[in-house]
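J.: structure for this input, please:
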Amino acid sequence: MELSIDRLTKHYGKKIAVDCVSATLTPGVYGLLGANGAGKTTLMRMLCAILEPTSGEVRLDGKEIAAMGENYRDVLGYLPQDFGFYPTYTAAEFLSYIATLKGLPRDMAQRRIRELLGTVGLLGAAKKKLRTFSGGMKQRVGIAQALLNDPQVLILDEPTAGLDPKERVHLRNLLADYAGERIVILSTHIVSDVEAIADQVLVMKNGRFLLRGTVPELVRQANGKVWELTVPAAQARAWESRFTVANFRHEGEGDYVVLRIVSDERPAEQAVPCRATMEDLYLYHFGEEA
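T.: Alright, predicted model coming up:
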């Protein structure tokens, strides 16, 4: 299976949201990483054939998705950033409604709904109204509806928003397992989610793919740009105004702080080089937006 993105572009008037991006995706987990406004959601909506591109095309196994129509929707699962739901429906009723829209046979749908509610940890809440659900519970219902038709292409826009750390880990494990023979595209600005499960990372900035590679490949690009520097606590804010500071921690009685600085050049003679992480790479490219 192959999802081909060929010079995909989207304009809104004079604004270019996605700027001639190309990529070829095969089964695995792809992390789409970028700051808010980078073009991630617009790209994903075009990959779902919800939004018509200004130019360029998307093909699944050589067939243009716009021409595939319902045949493409049959193999697609999508969780939008803000998915709609009916607050008076129970979780089971809502998923039954979505299953009907997807054209799933009733017996298969009921079996799949029970299975997925168990997978996302909501089987005990199946008969509760969605209006009573927390944000994290609603998000888990959204994940379940995206998986209802056992899609071959699964596209998730900010799927871990609202989830607590335990739920996020569970979802990451679920997606890593699910992606064996399928294409999973995960959009987020939460670096740790991408770092944990992505086989490939696509970094978007200003509507373009800025970087692409595995986590180790991308992290290597930040080596030599990360430093630790110990300064008096009273000077910490001054350093923060001059450099991108990824982290700082107090030492001793709090009179000094250790700054983790992302910078092309050594910020001070006493600064010590550190091993880079994906978060450092992200801050290197998105420091101002972050």
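J.: how about the nearest residue to Thr24, chain neighbours excluded?
T.: Nearest residue to Thr24, sequence neighbours excluded (C-beta to C-beta, 6 or more residues apart in numbering): Ser4, at 5.2 Å. The way it works is simple: take the backbone N, C-alpha and C, and place the C-beta from them, glycine included.
J.: quick one: buried residues of whichever helix or strand the one you found is part of?
T.: Per DSSP states H and E: Ser4 is located in strand 3-12. By 16 or more other C-beta atoms under 10 Å, the buried positions in strand 3-12 come out as 3-6, 8-10.
J.: before we move on, what about stretch 77-90?
T.: Buried residues in stretch 77-90, counted by 16+ other C-beta under 10 Å: 77-80, 83, 85, 89-90.
J.: what segments of the protein are strands?
T.: 3-12, 15-25, 28-33, 55-60, 63-64, 76-79, 153-157, 183-188, 200-205, 208-213, 226-232, 244-251, 256-262, 272-273 (DSSP state E).
J.: of all those strands, which lies closest to Gly142?
T.: strand 76-79 (5.0 Å; C-beta to C-beta).
J.: give me the sheet partners of the closest one and which way each runs.
T.: Using DSSP bridges, strand 76-79 pairs in its sheet with strand 153-157 (parallel).
J.: mean confidence for the partner strand?
T.: Per-residue pLDDT over strand 153-157 has a mean of 96.
J.: what residues does it touch?
T.: For strand 153-157, contacts defined as C-beta atoms under 8 Å, 6 or more residues apart in numbering pick out 3, 40-41, 44, 47-48, 60, 75-81, 143, 146-147, 175, 178-179, 182-187.
J.: now do stretch 130-137
T.: 85-91, 94, 122, 125, 138, 141, 161-164, 167.
J.: cool, stretch 268-282 as well?
T.: 33, 191-192, 194-195, 201, 203, 215, 218-230, 246, 260-262, 266, 290.
J.: buried members of these into ChimeraX, please.
T.: Command for ChimeraX that selects the buried part of these, burial taken from 16+ other C-beta under 10 Å:
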select :33,191,192,194,195,201,203,215,218,219,222,225,226,227,228,229,246,260,261,262
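J.: how close does Gln145 sit to Pro151?
T.: 11 Å (C-beta to C-beta, to the nearest Å).
J.: correction: Cys48
T.: 11 Å.
J.: intersection of neighbour lists for these two?
T.: By C-beta under 8 Å, 6+ apart, the residues touching both Cys48 and Pro151 are Leu76.
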